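Peer 1: The sequence isn't on hand, but the structure is:
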């Protein structure tokens, strides 16, 4: 696996700050902190996925929680707990996708690589999985088993197809 290196890397932060200055007039200062649709979405951080576009959401409609693989971690549980208890969400959507970079990552091998390279094993899990559909099912089970996510009656999972743009429900 190893670190991906690129000789043509050029920082983009200054450009993004300039873009912010140009678009700041569209700020969401009039929106409440609580999501209008009372929904939280847990999704992969994959740059190909525009969660608002995929689900037809407007700014302020829902909480979007993203990480590598869209896996259920302690931090995702923390975020969902706060989303439900402090901001009133009642529905959770899990959104994995095809051709995921985490798919096929083998936990033991990944940890061994990191230990060999850095001399220390991370405290966190890579969360690799072999099938996004199976991992969505596992994620639903993890959420339903957590005492910190009380509202699990409306948890649904989907796999987004990066080629067609469609979401496929996971039973």
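Peer 2: Received the coordinates, thanks. This structure is a prediction, so every number in the text was calculated from the model and none was measured.
Peer 1: What sits closest to the residue minimising distance to the centre of the chain if chain neighbours are left out?
Peer 2: Centroid-nearest residue in the chain: residue 66, 2.3 Å away (criterion: CA atoms, centre = their mean). Leaving aside its chain neighbours, residue 66 sits nearest to residue 45 (4.5 Å; criterion: CB to CB, 6 or more residues apart in numbering). (C-beta placed from N, C-alpha, C; glycine too.)
Peer 1: roughly how far apart are the one you found and residue 121?
Peer 2: Using CB to CB, to the nearest Å, we find residue 45 at a distance of 23 Å from residue 121.
Peer 1: Next, count neighbours for residue 119.
Peer 2: When neighbours are defined as other CB atoms under 10 Å, residue 119 has 7 of them.
Peer 1: Kindly report the same for residue 96.
Peer 2: For residue 96, the count of nearby residues is 30 (other CB under 10 Å).
Peer 1: ok, what's across the strand from it?
Peer 2: Going by DSSP bridges, residue 96 is paired in beta bridges with residue 159.
Peer 1: can you give me phi and psi for residue 39?
Peer 2: Residue 39 adopts backbone torsions of phi -120, psi 140, taken as degrees, to the nearest 10.
Peer 1: Tell me, how many residues neighbour it?
Peer 2: Residues lying near residue 39 (other CB under 10 Å) number 20.
Peer 1: can you pull the contacts of it?
Peer 2: 61-63, 89-93 (CB atoms under 8 Å, 6 or more residues apart in numbering).
Peer 1: Let's see that with 6 Å instead.
Peer 2: Listed by CB atoms under 6 Å, 6 or more residues apart in numbering, the contact partners of residue 39 are 62, 91.
Peer 1: distance of it from residue 91?
Peer 2: Separation of residue 39 from residue 91 (CB to CB) stands at 4 Å.
Peer 1: From what I see, residue 38 and residue 90 are in contact.
Peer 2: Yes - applying CB atoms under 6 Å, one finds residue 38 in contact with residue 90, separated by 4.8 Å.
Peer 1: The two: which has the busier surroundings?
Peer 2: Between residue 38 and residue 90, counting by other CB under 10 Å, residue 38 is the more crowded of the two (18 against 15).
Peer 1: Quick check: residue 112 is in a helix.
Peer 2: Yes - assessed with DSSP: H, G, I helix; E, B strand; the rest coil, residue 112 lies in a helix.
Peer 1: count of neighbours near it?
Peer 2: Residue 112: 12 neighbours (other CB under 10 Å).
Peer 1: tell me the phi and psi of the nearest residue to residue 73 once chain neighbours are set aside?
Peer 2: Take residue 73 and drop its neighbours on the chain: the residue closest to it by CB to CB, 6+ apart is residue 67, 6.5 Å away. Torsion angles at residue 67 (phi, psi; degrees, to the nearest 10) stand at phi -160, psi 180.
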